[in-house]
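Visitor: Below: sequence and its predicted model.
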Amino acid sequence: MRKGILIALCIAVLIAACGLGASAKETLNVIYMAQAGYQPDDIRDMADLFEFLTDTKVNITFVKYDEQHEKIVTSAVAPVATYDVILLDLIWTGEFASKKMVASLDDKITPEMRKDIAPAIMDAFVFDGKTWAMPFLANFQLFFYNADMIKKAGFDGPPKTLEEMVEQMKAMKARNVVKYPWTDSWNQKEGLVCEYVWLTGAFGGDTFDPSGKPIFNEGPGVKALEFMVSLLKEGLANPKCLTNDETAAKDDFISGNAAFTTNWTFQYALMNDPAVSKVVGAGQMGLIPVSKSVIDKAKTTSVSGFQGAAIMANSRKKDLAWKYVKFITSPLVQRSYLQEMPVWTSVQKSAYANMMDKTMAVKGEQIAAVHHRPKVPPYPEVSSILQRYIHLALQMKMEPRAALDKAAEEIKAVLAK
Amino acid sequence: MFLRRPDPNGRKLARWLLAPSVILIATVVLAPLLFAFFLSFQEAEPTVGGINMRFVGIANYVHHFARSDLFWPAVRVTVYFTVVSLAIELVLGIAIALVLNEKFAGRSFVRAIILLPWAVPTVVNARMWEWIFAGSEFGALNGLMKVLHVFPPTYDRVWLGFDVPLAGAPVLGPFLKWMGVTQALNMIILADTWKVTPLVVLLVLAGLQTIPDSLYEAATVDGAGFWRKLRHVTLPLLKPVLLVVLVLRTMELFRVFDIIYIIMQYSIRVLGVLTYEVGMKFLHFGSGAALSFLVALLILGLALIYIRLFYTDEGY
Amino acid sequence: MNALQMRTRTKGKTALRLKRAALYVAVAAIVVWTLAPVAWLAISSITPYSELISDRATHWLPRHPTFANFRAMFDLSRETGERFVYAIRNSMIVASSVTIICLVAGTLAAYALARLPVRGKKTLVLSLMSIRMLPTIALVIPFFVIVSYIDYGFMNIGSSFHLFDTKLNLVILYTTFILGFVIWIMRGFFLTIPADLEEAARIDGCTRLQALRHVVLPLCAPGLVATGILSFLLAWDEFLLALIFTRSNNAITLPLFIAELGSQYITAYDQISAAGVMAAIPPVVLALLFQRFIVQGLTSGSVKG
């Protein structure tokens, strides 16, 4: 019997240890990812300020990007939200909106606010004619090149077209400047789809049509994949690309093992940090080149990785949640954290921002050229199929066109459900 | 207290002693298992405020067996992972145990550290090898290969790449491709083997110590060499230990998830990873439950073999 | 001694020496194979990041060794540090609770199954064994749905109690999975102890439980140590359930923390190494100190059982 009491005690202690005590202040629960964009410490900073101003408490849960979606969806299942505010990646707009997991913000976002945000950014969070999140993080890909390597290969500047880039890379290989001039994040993850989206854009097309139907197996998409495969076949792209995520691709570049790459905005700061980078000075940032065939229509291309702050439909504190969303997305806060591109046109153009960040002009031009990934409700599954077949083609186990046809067929089946 | 009334053979006491464990296991394992069976006949998706369920009969099973392009490849790659890992672990485990069974200076030290890899947490092991296998000039294995002059100074191997080993070989190449074998998979097998072999070594070592020296002496007198002694004395006497290792490891290997998910995410879809992806990433609870149930059945089948081999009634 | 004899003797000696040399080469290879990967992890943990991404062939040891990565793990003013400290605390609490509960409940059940008459004993032992072998992946989906519904129920009656993202939930789940294993090993130990000893104690007037406590358990001490350590290691190592059921500092465990460290945007291999070294220390120390018991425990459960 004593043992029985012991067990009961243990369990009681455990329940107590699990800390069910609630504080008197009003509490807001927020989920944020632990890596891209603003770093967790900055996010905490912003929340501290909000707590001070409003006398509330903000609990932030940081999770890995790849696990965010599932955690948000599962908390939406509950009658009362585990989270009040979530970070909504633009690829989830379709799913969260169609299932009404997040609250529409149309009555909260004022026309003045709308006017100051570029349509390319705002549209990412519109589905069925309604806006579901307030733009927060304007992430997109940029072009990075190693100026020293370009000079050593006998050229005087970065390439304007993909064809020029291939020519420069071949020269680099011939002169032994670098073993594999190209690196990128082509492992079987969301990053691969992002790279494929801008590449399709570089050949003048899109991966999905506005209604969400796959069109990547018609023309530009096929050319894009064939281009990727050709880089691997000619030994211009590092075979390691197939295992790289964005971080590993960044490491290849900043350790001086690549001449060209594309990556999200975060790479710029790391590339210029002497504590981690070996290409400080040589590493430069510019516009992503496009194919010669489309240069008259578009000078550059990119892919969006925008994220918005959204309010869960089952939150019981929607007003406080909006206050918080409004605060962290405000021009005031964004201008204090210029390590990421502000979403507000007025901040992007401001003298202050341009003084603090010399690359603001390039970023502004690049962000105007973004292509979106599709806004289809079963996005995770659609993306997984696309990743699998693109990767098979990169492994040279399938022909590009055949792989894309098969992917389109499977995606149509998923969308039809 | 239990014994206020006489309980001469302890039947009542036994019930009290078993109750906590049995109740816990019944509610936390058996009930969910039955629930998984129920779910596997539903289409179950999370929506706001609950889970939408719709009875679909055996559609989920039909999907995996006949329609999905992922199920059979997952079975094949899991089988490859299990069989190859097991073979390496057994051979390496026996070899190391035979060495450690000899007398040499510092034997107790070597025996003491041999268990170290086994104690390293799986997640740490995965990330450690991921770092060792880094496919660039800063990868430790690439560095080692260059120091040993196996690789020229400018060559870096992508250890976790997707080339099919021996792709050029007739019959074997296409077979390995069909099994879904990649270089990355083989490297993960290596990493997993590093962690688990020590356990096999210690179990075999314990078995070796039960073999009387007189048997070896007799064999030596008969003029038996090393291999003959191994075949006719050591292995037959190790059979019980080896069978335990074989069945236990098969079950452990067949359910592999952690190390592959951490190093490769969804790039190598063994059954564990596929189940997680369908159930927890795409949140198709019904379809995922059908997969879980199939995995459970396969492993319980193995467990039955194990039980038939080793259960004894001596407690009665 | 004639020349022939001399020759065969030296030949025998050379063969013996060769054999010794081969043995030592093999031993050296085993030691290197066992230690090199962990040594590399330890070295990486004290290397600055820019040196980590240098050409390995010429750059193994850090030129400017640093403990910054370890300090970062305990820097409570940073997100990473705060999370690490919570993770290690949660892991400790969960693993020790699981160990204690499993030892108490498991030992009692194992004793009953080894010694007392139980109806349907064979079925019970067999099902316990099968449950121990059931893979967690087969149960996570129903677990997930059930836990959501339980929390749903509590929310509906206005309670703030919930299982999701709590240590309590992990303790319950881990305990169940490890319990079958504990019962199995302890039953093996009890079976090795002669029943006469207990009978003697009972003739002297002890009740069954007293006999268990004063006679059987002391004899099974190595078994208790072995099972305790194995339970602790299993709970410390678990990843999948933590991945699904925990999110915040309230419940994340060390394996989850390390798996998530530096993902999409920072390959923090310096930090991963430092955290990895610290996560490996408790189980490695336990395993090396109690190696004998562990092997005994594993063999008693599987071979003799």
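Guide: Right, received. Where do you want to start?
Visitor: Quick one: residues contacting residue A:41.
Guide: C:78, C:79 (C-beta atoms under 8 Å, 6 or more residues apart in numbering or on different chains). For every residue, glycine as well, the C-beta is placed using N, CA and C.
Visitor: in what helix or strand does it lie?
Guide: helix A:40-54 (DSSP states H and E).
Visitor: what element comes up after that helix heading to the C-terminus?
Guide: Using DSSP H and E, the helix or strand that follows helix A:40-54 in sequence is strand A:57-63.
Visitor: ok, residues contacting that following strand?
Guide: By C-beta under 8 Å, 6+ apart, strand A:57-63 touches A:23, A:25-34, A:40, A:43-44, A:47, A:50-51, A:71, A:83, A:324, C:79, C:83, C:247-249, C:260.
Visitor: domain assignment for the chain?
Guide: No chain in the question, so chain A it is. A:23-139+A:305-366, A:141-303+A:378-416 (automatic domain parsing).
Visitor: ah, no, chain C please
Guide: According to automatic domain parsing, the domains of chain C span C:3-45, C:77-304.
Visitor: Which residue ranges of chain B form strands?
Guide: B:42-47, B:50-55 (DSSP state E).
Visitor: looking at those strands, which is closest to residue A:286?
Guide: When the strands of chain B are ranked by proximity to residue A:286, the top entry is strand B:42-47, at 43.6 Å, counting by C-beta to C-beta.
Visitor: Need the residues that contact that closest one.
Guide: A:73-74, A:76-77, A:99, B:51-56, B:59-60, B:283-287, B:289, C:145.
Visitor: In chain B, which residue sits nearest chain C?
Guide: In chain B, the residue that lies nearest chain C is residue B:143 (2.5 Å; C-beta to the nearest C-beta).
Visitor: ok, and the closest non-adjacent residue to that residue?
Guide: Nearest non-adjacent residue to residue B:143, counting by C-beta to C-beta, 6 or more residues apart in numbering or on different chains: residue C:56, 2.5 Å away.
Visitor: show me the contacts for that neighbour.
Guide: With C-beta under 8 Å, 6+ apart, residue C:56 has these contacts: B:137, B:138, B:139, B:140, B:142, B:143, B:144, B:146.
Visitor: for the domains of chain C, which one sits closest to chain B?
Guide: domain C:77-304 (3.5 Å).
Visitor: correct me, but residue A:204 touches residue A:296?
Guide: No - using C-beta atoms under 8 Å, residue A:204 makes no contact with residue A:296, being 10.0 Å away.
Visitor: Neighbour count: these two, which is higher?
Guide: Shown here are residue A:204 and residue A:296; by other C-beta atoms under 10 Å in any protein chain shown, residue A:204 has more neighbours (18 against 7).
Visitor: residue ranges with poor pLDDT in chain A?
Guide: A:1-24, A:35-36, A:78-81 (pLDDT under 70).
Visitor: Residue nearest the middle of it, spatially speaking?
Guide: residue A:305 (3.1 Å; C-alpha atoms, centre = their mean).
Visitor: about what we covered before: can you give me the separation between the residue of chain B closest to chain C and residue C:270?
Guide: Distance of residue B:143 to residue C:270, given as C-beta to C-beta, to the nearest Å: 17 Å.
Visitor: center of chain C - which residue?
Guide: Central residue of chain C (C-alpha atoms, centre = their mean): residue C:233, at 1.6 Å.
Visitor: After the helix or strand hosting that residue, which helix or strand is next?
Guide: Using DSSP H and E, residue C:233 maps to helix C:221-237. Reading on from helix C:221-237 to the C-terminus, the next helix or strand found by DSSP H and E is helix C:240-245.
Visitor: What helices and strands are in contact with that next one?
Guide: helix C:140-156, helix C:167-192, helix C:254-260 (3 or more C-beta pairs under 8 Å, 6 or more residues apart in numbering or on different chains; DSSP states H and E).
Visitor: Against which helices or strands is the longest one packed?
Guide: Right, helix C:167-192. helix A:2-17, helix B:11-25, helix C:79-115, helix C:121-133, helix C:221-237, helix C:240-245, helix C:291-299.
Visitor: Now do that helix against helix C:140-156, angle only.
Guide: If you take axes from the mean of the first three to the mean of the last three C-alpha atoms, to 10 degrees, helix C:167-192 sits at 130 degrees to helix C:140-156.
Visitor: Check which residues of helix C:167-192 are buried.
Guide: Under the neighbour-count criterion of 16 or more other C-beta atoms under 10 Å in any protein chain shown, helix C:167-192 has C:167-191 buried.
Visitor: Report the next helix or strand after it in sequence order.
Guide: Criterion used, DSSP H and E; the element after helix C:167-192 is helix C:195-203.
Visitor: Name the residues that touch that following helix?
Guide: Here helix C:195-203 makes contact (C-beta under 8 Å, 6+ apart) with C:115, C:208, C:210, C:211, C:212, C:214, C:215, C:216, C:219.
Visitor: now, which of those residues sits nearest residue B:120?
Guide: residue C:219 (32.6 Å).
Visitor: Who are the contact partners of the spatially closest residue to the closest one that is not a sequence neighbour?
Guide: Leaving aside its sequence neighbours, residue C:219 sits nearest to residue C:193 (C-beta to C-beta, 6+ apart; 5.3 Å). Going by C-beta under 8 Å, 6+ apart, residue C:193 touches C:216, C:219, C:220.
Visitor: Would you format the residues you listed as JSON lines with neighbour count and pLDDT included?
Guide: Output for the contacts of residue C:193, formatted as JSON lines (neighbours: other C-beta atoms under 10 Å in any protein chain shown; pLDDT from 0 to 100):
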{"residue": "C:216", "neighbour count": "21", "pLDDT": "84"}
{"residue": "C:219", "neighbour count": "15", "pLDDT": "85"}
{"residue": "C:220", "neighbour count": "22", "pLDDT": "86"}
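Visitor: neighbour-wise, which of residue B:143 and residue C:270 wins?
Guide: When residue B:143 is set against residue C:270 and neighbours are counted by other C-beta under 10 Å, the residue ahead is residue C:270, at 26 against 23.
Visitor: What distance do you get for the more buried one to residue A:185?
Guide: Residue C:270 is 21 Å from residue A:185, by C-beta to C-beta.
Visitor: One more: residue C:78?
Guide: 26 Å.
Visitor: If you count surrounding residues, which of the two has more?
Guide: residue A:185 (27 against 16).
Visitor: hang on, that one is in a strand, isn't it?
Guide: No - Residue A:185 is assigned coil when assessed by DSSP: H, G, I helix; E, B strand; the rest coil, not a strand.
Visitor: residues contacting it?
Guide: Contacts of residue A:185 by C-beta under 8 Å, 6+ apart are A:191, A:192, A:194, A:195, A:241, A:244, A:245, A:246, A:248, A:249, A:263.
Visitor: I'd assumed residue A:189 was in contact with the fourth one.
Guide: No - counting by C-beta under 8 Å, residue A:195 does not reach residue A:189; the two are 10.5 Å apart.
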